[in-house]
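Student: Here is a sequence together with a model predicted from it:
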Amino acid sequence: MKQSQVTFWCHEIIRSQAPEGGFYIDGTMGKGRDTLFLCELAGEAGRVLAFDIQEEALRYTEKLLRDNGVRDRAELILDGHEHMERYAGEGTADVICFNFGYLPGGDHGIATKPDTSVAAVEKGLSVLKSGGMMSLLIYSGGDTGFAEKEALLSYLRTLPAKKFTVIANEYWNRGNCPPMAVFVFKK
């Protein structure tokens, strides 16, 4: 049942908010599925930046984008998401998305960390346009992520309500630490 998957609703919320031909950032490239989705939303006129610290993620994403004929729409950056302001100016991005955790099928020892993830969200909020949105998919189960989830949620609770709307979505009847989707809308 596709509708109950958290990745499906993240994409649907993003689709509902993303302007055609916009500027989008994938803060955690992984295997490239969100980067591909953002490239499709961007169309010919838009632009996508995608970040990851693992060369393996860039290779997966490069192939996926080439196979789908959208490679020219994205700049793939081998750098931490906490450095996105080096590549995107303040108030320029329409949508920023993150999937926190580790590369699916990859080394669990290489995962997003609380300090760099909070820094990335903070930098992302300054890069985000007024009227833009940020999607955060927080995976906290297994051997990583509990401290990161708490750090991210603690930070998001401090955002001023006059500038941001933060909506957290949780599964109520699933075990095994299911992922949590959080949406931040910049006023």
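Tutor: Ah, there it is.
Student: pretty sure residue 68 contacts residue 38?
Tutor: No: if you go by CB atoms under 8 Å, residue 68 and residue 38 don't touch, sitting 12.0 Å apart. Quick note: C-beta positions are derived from backbone N, CA and C, even for glycine.
Student: more crowded one of those two?
Tutor: A count of neighbours by other CB atoms under 10 Å puts residue 38 above the other of residue 68 and residue 38, at 30 against 13.
Student: Pull the contacting residues for the more buried one.
Tutor: 14, 24-26, 48, 50, 74, 95, 97 (CB atoms under 8 Å, 6 or more residues apart in numbering).
Student: Likewise for residue 49?
Tutor: For residue 49, the contact set (CB under 8 Å, 6+ apart) comprises 24-26, 74-75, 77, 84, 87-88.
Student: repeat that with 6 Å
Tutor: Counting by CB atoms under 6 Å, 6 or more residues apart in numbering, residue 49 touches 25, 75, 87.
Student: partner residues bridging it?
Tutor: Beta-bridge pairing of residue 49 under DSSP bridges involves residue 25, residue 75.
Student: Quickly note the distance from it to residue 166.
Tutor: Going from residue 49 to residue 166 by CB to CB, to the nearest Å gives 23 Å.
Student: for residue 64, same thing?
Tutor: From residue 64 across to residue 166, the span is 31 Å (CB to CB).
Student: now residue 98
Tutor: Relative to residue 166, and taking CB to CB, residue 98 is found at 14 Å.
Student: And those two? Which one has more around it.
Tutor: Legend: neighbour count by other CB under 10 Å for residue 98 and residue 166, higher for residue 98 (25 against 16).
Student: Need the three-state assignment for the more buried one.
Tutor: Secondary structure state of residue 98, per DSSP: H, G, I helix; E, B strand; the rest coil, is strand.
Student: Number the chain from 9, please
Tutor: In the new numbering, first residue 9, that becomes residue 106.
Student: Excluding chain neighbours, what is closest to residue 97?
Tutor: Distances taken as CB to CB, 6 or more residues apart in numbering put residue 135 closest to residue 97, at 7.2 Å, once the chain neighbours are dropped.
Student: The one you found touches residue 102, doesn't it?
Tutor: No: counting by CB atoms under 6 Å, residue 102 is not a contact partner of residue 135; they are 10.4 Å apart.
Student: hang on, the earlier thing: could you tell me which residues make contact with the residue nearest to residue 97?
Tutor: Contacts of residue 135 by CB under 6 Å, 6+ apart are 92-93, 96, 101.
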